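Asks: Sequence and predicted structure below; questions after.
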Amino acid sequence: MKTAKKHHSLDISHLILYLVFTFVLISYLFFLRRPDIQKDLIFFTALFYFIWSLFYHFQKKDLSLPLLLEYLLFILLALVLVISTLIRS
């Protein structure tokens, strides 16, 4: 008889992701008057999210080129939107 794997709704990799995003959000709000630091936080977050997605999908053994391109395009779009908003303010 096969034993089914228990599916945890919050695994350690997602916990790390949420903690980093929470830290970045708090830091972003703390540095409201420092757009240079905010830009650095946004770039750090984008880079972290891309690396995290590589690690996560590598561990799940479902890493593929289309998935990587999807993450990359999503991150680039987010960077353009957020950075252009910072530049205008």
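Replies: Cool, got the structure. Note that the coordinates shown come from a computational prediction; the quantities given were computed from them, not determined experimentally. Numbers count the residues shown, from 1 in each chain.
Asks: Which secondary structure state does L63 sit in?
Replies: coil (DSSP: H, G, I helix; E, B strand; the rest coil).
Asks: Could you report the neighbour count for it?
Replies: 14 (other CB atoms under 10 Å). Heads up, the C-betas are built off the backbone N, CA and C, glycines and all.
Asks: do I83 as well
Replies: When neighbours are counted by other CB under 10 Å, I83 registers 16.
Asks: residues in contact with it?
Replies: K39, I42 (CB atoms under 8 Å, 6 or more residues apart in numbering).
Asks: how far is the host helix or strand of it from where the chain is centred?
Replies: Following DSSP states H and E, the helix or strand that holds I83 is helix 65-88. With CA atoms, centre = their mean, to the nearest Å as the basis, helix 65-88 stands 11 Å off its chain's centre.
Asks: Which positions within that helix qualify as buried?
Replies: Using 16 or more other CB atoms under 10 Å as the test for burial, helix 65-88 gives Y71, I75, L79, V82, I83.
Asks: Same check on stretch 37-51?
Replies: Q38, K39, L41, I42, T45, A46, Y49, F50.
Asks: hmm, back to that, what's the mean pLDDT across the helix holding I83?
Replies: Throughout helix 65-88, pLDDT has a mean value of 92.
Asks: Alpha carbons of that helix, as PDB, please.
Replies: The C-alpha trace of helix 65-88 is given here as PDB (Å, rounded to 0.1, in the frame of the first residue of the first chain):
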ATOM      1  CA  LEU A  65      12.100  27.100 -20.500                       C
ATOM      2  CA  PRO A  66       8.600  28.400 -21.000                       C
ATOM      3  CA  LEU A  67       8.100  28.600 -17.200                       C
ATOM      4  CA  LEU A  68      11.400  30.500 -16.900                       C
ATOM      5  CA  LEU A  69      10.400  32.900 -19.600                       C
ATOM      6  CA  GLU A  70       7.100  33.500 -18.000                       C
ATOM      7  CA  TYR A  71       8.700  34.400 -14.700                       C
ATOM      8  CA  LEU A  72      11.300  36.600 -16.400                       C
ATOM      9  CA  LEU A  73       8.700  38.500 -18.500                       C
ATOM     10  CA  PHE A  74       6.500  38.900 -15.400                       C
ATOM     11  CA  ILE A  75       9.400  40.300 -13.400                       C
ATOM     12  CA  LEU A  76      10.500  42.600 -16.200                       C
ATOM     13  CA  LEU A  77       6.900  44.000 -16.500                       C
ATOM     14  CA  ALA A  78       6.700  44.600 -12.800                       C
ATOM     15  CA  LEU A  79      10.100  46.300 -12.800                       C
ATOM     16  CA  VAL A  80       9.100  48.600 -15.600                       C
ATOM     17  CA  LEU A  81       5.800  49.500 -13.900                       C
ATOM     18  CA  VAL A  82       7.200  50.100 -10.400                       C
ATOM     19  CA  ILE A  83      10.400  51.900 -11.500                       C
ATOM     20  CA  SER A  84       8.500  54.200 -13.900                       C
ATOM     21  CA  THR A  85       6.100  55.000 -11.100                       C
ATOM     22  CA  LEU A  86       9.100  55.900  -8.800                       C
ATOM     23  CA  ILE A  87      10.700  58.100 -11.500                       C
ATOM     24  CA  ARG A  88       7.500  60.100 -12.000                       C
END
